[in-house]
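Asker: What follows is a predicted protein model with its sequence.
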Amino acid sequence: MKTILFTAPILCLAFLAILFLQSGLDKVFNYQGNKEWLQSHFAKSPLKKTVDFLMPMITLLEVASGVCCAVGIVMILINGNAEIGLLGAQLSAVSILALFFGQRVAQDYVGAATLTTYFIISIMTNYLLWDMIRAGY
C-alpha cells in the first residue's frame with residue numbers, strides 16, 4: 001500500500017511538471033511569439049486589451065507550477081514530504097482554471113474542452129497529496 005501511496009502522486013506530479021515546465025518555459029523563451037498568438041486568439045474577445053498584463057502572469061504561474069511539482073517529486077523521494085508537491089498541484093489547478101477561463105471567453109470551446117482532462121489530473125493530484133499529508137507520510 002505504501003508503494004501505491006508514493007507512486008501515484010509522483011507520477012501525477014511528473015505529468016504536471018512536464019506539462020507546466022514545457023508550457024511556461026516555452027512562453028519564457030518564445031515570449032514574443034506566444035504573445036502575438038494570444039493577441040490574435042483574443043482579438044475578438046473582451047480580453048484583447050489584457051494580453052500585455054495577463055501574459056507575464058500566466059507565464060509566472062505555469063513556471064511556478066512546474067517547478068513546485070518537480071521539486072515536490074524530489075522532496076517526496078528524499079524525505080516523504082508532500083507539501084511542496086501539493087503547492088505545485090494547487091498552482092497547476094489555478095493555472096488550468098486561468099487558461100480555461102481564457103479559452104471560454106475567446107469562445108474556443110474545443111481548446112477549453114481539452115483542458116478538462118488536465119484539470120481532472122490536477123484535482124486528483126491534489127487529493128492524493130492531501131491524503132498523503134493527512135496520513136502522516
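Answerer: Looks like it arrived, so ask away.

Asker: rest of the way, CA atoms for contacts and neighbours
Answerer: Fine.

Asker: Nearest the middle, which residue of the chain would you pick?
Answerer: The centre of the chain sits closest to Ser92, judged by Cα atoms, centre = their mean, with a distance of 2.8 Å.

Asker: So what touches the helix or strand where that one lies?
Answerer: In the assignment (DSSP states H and E), Ser92 maps to helix 83-105. Around helix 83-105, the neighbours that count as contacts under Cα atoms under 8 Å, 6 or more residues apart in numbering are 13, 16, 20, 45-47, 58, 61-62, 64-73, 75-76, 109, 111-112, 115, 118-119, 122-123, 125-126, 129-130, 133.

Asker: What subset of those is buried?
Answerer: Neighbour counting by 16 or more other Cα atoms under 10 Å classes 13, 16, 20, 47, 58, 61-62, 64-73, 75-76, 112, 115, 118-119, 122-123, 125-126, 129-130 among those as buried.

Asker: and the nearest residue to Gly80 once chain neighbours are set aside, what does it touch?
Answerer: Leaving aside its sequence neighbours, Gly80 sits nearest to Tyr137 (Cα to Cα, 6 or more residues apart in numbering; 5.8 Å). Applying Cα under 8 Å, 6+ apart to Tyr137 gives the contacts Gly80, Asn81, Ala82.

Asker: In TSV: those residues, plus distance to Ile96, neighbour count and pLDDT.
Answerer: What follows is these, written out as TSV (distance: Cα to Cα, whole Å; neighbours: other Cα atoms under 10 Å; pLDDT from 0 to 100):
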residue	distance to Ile96	neighbour count	pLDDT
Gly80	26	16	88
Asn81	24	19	92
Ala82	21	28	94
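
Asker: Pop out the phi and psi values for Ala106.
Answerer: phi -80, psi 0 (degrees, to the nearest 10).

Asker: brain fart, Ala43
Answerer: phi -60, psi -30.

Asker: returning to what we had before: now the element after the helix holding Ser92, going C-ward?
Answerer: The first helix or strand that comes after helix 83-105 along the chain, using DSSP H and E, is helix 109-135.
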